[in-house]
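1. No letters, just coordinates:
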Ligand SMILES: [Fe+2]
Ligand SMILES: [Fe+2]
């Protein structure tokens with residue numbers, strides 16, 4: 001099976017339950033060749049310089065990423081930029097194919113990233129469209145507090161899980177704003193929403209609103225997970241699916257790129 005064949009199968013899989021068309025998509029081959037035969041596939045959030053080297057040492061031909069490799073959504077490469085040039089040279093040296101898998105998994109009838117997160121967190125309940133951009137809210141069918149959800153993300157390896165607002169709030173409605181979607185501000189202000197889960201956001205605005213809400217006695221909080229932690233379980237879920245479906249054709253590994261932060265302790 002080639003890189004092209006695998007990615008086309010994955011796109012078709014995303015459309016199985018609910019077909020859709022994308023006018024333009026970032027889910028394209030970023031480097032390497034689509035005709036490369038696959039023996040080993042790495043799934044991760046970001047093809048960082050360190051991860052590219054590790055994937056190459058493991059013997060991978062393809063890295064499937066959720067996020068951009070060249071610091072721009074459409075991967076318009078910076079000109080005359082030494083970091084961009086060094087990363088391009090590293091990729092060329094390894095011959096690695098990098099393919100982004102972002103729009104299709106989010107557009108899937110059940111958003112693959114959300115599904116992976118909810119599975120890993122053990123969160124079940126009813127999903128309701130929040131009406132704000134890509135946001136949805138979850139009405140959990142279990143009693144769960146803000147603190148418990150923060151701790152679950154920490155236990156999944158989140159080293160920078162930050163809570164603004166009331167940690168003891170019982171979550172009757174949780175806005176799932178993984179990554180950096182639009183509509184987070186609207187979700188946070190919605191009187192129905194007790195907790196907003198977001199990858200990254202504006203501290204002086206949303207963080208301070210949640211802090212004041214908590215201090216003023218509202219049942220409200222914002223958890224800022226870090227971008228990678230907020231979507232990683234979705235890509236881990238993809239790696240599991242590939243391991244199951246394609247075990248006879250190639251080996252798959254979720255390789256950890258780690259969080260962008262190094263925390264000073
Ligand atoms: Fe995403
Ligand atoms: Fe993202």
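-> On my side now, so go ahead. Computed from a prediction, not measured in an experiment: that's the story for all the values here. Ligands and ions are numbered 1, 2, ... in the order given.

2. Tell me which stretches of the stretch 101-250 of the chain form helices.
-> 103-107, 112-121, 146-155, 184-189, 208-215, 227-245 (DSSP state H, counting those that start in this stretch).

3. Format the ones you listed as JSON lines; extra columns: mean pLDDT and mean neighbour count.
-> C-beta coordinates here come from the backbone N, C-alpha and C atoms, glycine included. Conversion of the helices of the stretch 101-250 of the chain to JSON lines gives the following (pLDDT from 0 to 100; neighbours: other C-beta atoms under 10 Å):
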{"stretch": "helix 103-107", "mean pLDDT": "96", "mean neighbour count": "20"}
{"stretch": "helix 112-121", "mean pLDDT": "96", "mean neighbour count": "21"}
{"stretch": "helix 146-155", "mean pLDDT": "97", "mean neighbour count": "18"}
{"stretch": "helix 184-189", "mean pLDDT": "94", "mean neighbour count": "20"}
{"stretch": "helix 208-215", "mean pLDDT": "98", "mean neighbour count": "18"}
{"stretch": "helix 227-245", "mean pLDDT": "98", "mean neighbour count": "21"}
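
4. got a list of contacts for stretch 149-162?
-> 120-123, 163, 167, 171, 174, 195, 197, 223-226, 229, 232-233, 259, 261, 263 (C-beta atoms under 8 Å, 6 or more residues apart in numbering).

5. go on, stretch 194-205?
-> 146, 149, 164, 169-180, 184-185, 187-188, 206-207, 210, 219-231.

6. And residue 131, what's its pLDDT?
-> Listed pLDDT for residue 131 reads 68.

7. same deal with residue 175?
-> 94.

8. Touching, it and residue 135? I think so.
-> Yes: taking contact to mean C-beta atoms under 8 Å, the distance of 5.7 Å between residue 175 and residue 135 places them in contact.

9. of those two, who's got more company?
-> The residue with more neighbours, out of residue 175 and residue 135, is residue 175; 27 against 22, by other C-beta atoms under 10 Å.

10. if I look at the more buried one, how far off is residue 139?
-> 11 Å (C-beta to C-beta, to the nearest Å).

11. for residue 233, same thing?
-> For residue 233, the distance to residue 139 - C-beta to C-beta - is 20 Å.

12. What residues does the residue in the stretch 101-250 of the chain positioned nearest to ligand 1 make contact with?
-> Using C-beta to the ion, the single residue of the stretch 101-250 of the chain nearest to ligand 1 is residue 179, 4.0 Å away. Residue 179 is in contact with 113, 199, 227, 230, 231, counting by C-beta under 8 Å, 6+ apart.

13. let's see 10 Å
-> Contacts for residue 179 (C-beta atoms under 10 Å, 6 or more residues apart in numbering) come out as 66-67, 102, 106, 113, 134, 198-200, 225, 227-228, 230-231, 234.

14. Pull the distance from stretch 117-126 to the chain's centre.
-> Stretch 117-126 sits 15 Å away from the centroid of its parent chain (C-alpha atoms, centre = their mean, to the nearest Å).

15. distance between the ends of it?
-> End-to-end span of stretch 117-126 (C-alpha to C-alpha, to the nearest Å): 15 Å.

16. Stretch 203-216 now?
-> Taking C-alpha to C-alpha as the measure, stretch 203-216 stretches 18 Å from start to finish.

17. And for stretch 121-130?
-> End to end - C-alpha to C-alpha - stretch 121-130 spans 21 Å.

18. ok, and what's touching that stretch?
-> With C-beta under 10 Å, 6+ apart as the test, stretch 121-130 has contacts from 110-111, 114-115, 117-118, 135-142, 144, 148-149, 152-153, 155-156, 171-177, 183, 186-187, 190, 192-193, 197, 233.
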